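K.L.:
mind folding the following:
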Amino acid sequence: RTVVGLGLGNMASALFGGFGGCGLIPNTLLNGSSGGLGYASGFAYSACLGLAVVVFSPLIGLIPMAALAGLMLNVALSTFEVEQTLHVLRSARSSPQQLLDCLSLLLTTLLCFRVDMGLGVLAGVLVAQLLPLGTFLRARLAGARTRA
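P.N.:
Here you go, the predicted model:
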């Protein structure tokens, strides 16, 4: 239900000239850092956000885009795990899976920043699936040769 609601909200925001997005990461960060982990905290967050948009939209419209971009950058930096990323990059040569993980990470990041976020995520997912796909195809071909 959450994903359907998010999709409908993104489509509705596009009808009014808005940008779609995912509020789950800031919601989760805010709830976790505030100690709220249940459904009531999620509801309270959503209700306050809805109230802010409906009641205070004229004031919110006065916030400069640069400030909103800074806020988004702050959220991104607070969700970025530097040590995990460095570990993936350092261990790229240890196995084919690690190499594909590193390639997927770099390709996704590069395409998201330089081209388009949707294309970046799609390319990253496709690259990450190359090794499982190769393993599946090798097993399938070996089974076909055994039966023949």
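
K.L.:
where does Gly20 land in three-state SS?
P.N.:
For Gly20, the assignment made with DSSP: H, G, I helix; E, B strand; the rest coil gives coil.

K.L.:
surely it touches Ala12?
P.N.:
No. Using C-beta atoms under 8 Å, Gly20 makes no contact with Ala12, being 9.2 Å away. Every residue, glycine included, has its C-beta placed from N, CA and C.

K.L.:
all helices for the chain, in order.
P.N.:
Per DSSP state H, the chain carries helices over the ranges 2-15, 24-34, 39-55, 57-60, 65-79, 82-90, 96-114, 117-128, 130-147.

K.L.:
could you dump the first one to PDB, C-alpha only?
P.N.:
Taking C-alpha atoms only, helix 2-15 is exported to PDB below (Å, rounded to 0.1, in the frame of the first residue of the first chain):
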ATOM      1  CA  THR A   2       2.900   2.400   0.700                       C
ATOM      2  CA  VAL A   3       4.300   2.000  -2.700                       C
ATOM      3  CA  VAL A   4       0.900   2.500  -4.400                       C
ATOM      4  CA  GLY A   5       0.300   5.600  -2.300                       C
ATOM      5  CA  LEU A   6       3.700   6.900  -3.100                       C
ATOM      6  CA  GLY A   7       3.100   6.300  -6.800                       C
ATOM      7  CA  LEU A   8      -0.200   8.000  -6.800                       C
ATOM      8  CA  GLY A   9       1.200  11.000  -4.800                       C
ATOM      9  CA  ASN A  10       4.000  11.400  -7.300                       C
ATOM     10  CA  MET A  11       1.600  11.300 -10.200                       C
ATOM     11  CA  ALA A  12      -0.600  13.900  -8.500                       C
ATOM     12  CA  SER A  13       2.300  16.100  -7.800                       C
ATOM     13  CA  ALA A  14       3.300  16.000 -11.500                       C
ATOM     14  CA  LEU A  15      -0.100  17.200 -12.400                       C
END
